[in-house]
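Enquirer: this one's sequence-less:
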C-alpha cells in the first residue's frame with residue numbers, strides 16, 4: 001500500500017474512532033487537515049517511538065503474554081493527542097481507544113485489500 005493511501009486509511013481510522021467512541025475526539029473545529037496531520041504523527045510515533053517502548057517493556061510483555069502491548073498502544077495514542085488536535089479523556093480512554101483503533105484499522109486494511117487498493121500484496 002502506498003504511503004498516501006496508508007496515510008488516508010489511518011486518517012479515516014482515527015476519524016471513525018472519534019465517531020464511535022466518545023473518549024477520543026478531535027478538538028472542536030478540527031478539519032480534514034488536522035485529522036490527516038494526526039494520522040501522520042501517529043505513523044511517525046509508531047515507526048520511531050513505539051519500537052523503543054516495546055523493547056523497553058519486553059520483560060513485562062513476555063510475562064503478560066503480549067497483553068502489555070495494549071498499554072504501549074494506549075501510550076502511543078496519548079503521545080499523538082499531546083501534539084495534535086486529537087483529544088483523549090485520560091489513560092482509560094486511550095486504552096479503549098487503542099483497542100478500537102486496532103479493530104477499525106484491521107477492518108479498513110481488509111477492505112483496501114479486498115478492493116485491490118493495497119498494491120496486490122496478499
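Expert: Thanks, I have the structure now. Keep in mind the model is a prediction, meaning the values are calculated, not measured.
Enquirer: Would you mind naming the helix or strand containing residue 72?
Expert: Assessed by DSSP states H and E, residue 72 sits inside helix 68-83.
Enquirer: What are the buried residues along that helix?
Expert: Neighbour-count burial for helix 68-83 flags 68-69, 71-81 (criterion: 16 or more other C-beta atoms under 10 Å). From N, CA and C alone the C-beta is placed, and that goes for glycine too.
Enquirer: And for that helix, what's in contact with it?
Expert: 24, 38, 41-42, 45-46, 49-50, 53-54, 57, 60-61, 86-88, 91, 94-95, 97-99, 101-102 (C-beta atoms under 8 Å, 6 or more residues apart in numbering).
Enquirer: what is the rounded mean pLDDT of the helix or strand where residue 44 lies?
Expert: For residue 44, the enclosing helix or strand under DSSP H and E is helix 32-48. Averaged across helix 32-48, pLDDT comes to 96.
Enquirer: and after that helix, which helix or strand comes next?
Expert: Per DSSP H and E, the helix or strand that comes after helix 32-48 is helix 50-56.
Enquirer: Check which helices and strands that next one is in contact with.
Expert: helix 68-83 (3 or more C-beta pairs under 8 Å, 6 or more residues apart in numbering; DSSP states H and E).
Enquirer: Could you pull up the residues touching the most centrally placed residue in the chain?
Expert: With distances taken as C-alpha atoms, centre = their mean, residue 101 lies nearest the centre of the chain, 5.5 Å away. Shown in contact with residue 101 (C-beta under 8 Å, 6+ apart): 13-14, 17, 73, 77.
Enquirer: for these, which one is nearest residue 111?
Expert: residue 13 (11.0 Å; C-beta to C-beta).
Enquirer: hang on, the closest one is in a helix, isn't it?
Expert: Yes. Assessed with DSSP: H, G, I helix; E, B strand; the rest coil, residue 13 lies in a helix.
Enquirer: And it, what's its pLDDT?
Expert: For residue 13, the model assigns a pLDDT of 97.
Enquirer: Now do it: how many residues are near it, please.
Expert: By other C-beta atoms under 10 Å, 21 other residues sit near residue 13.
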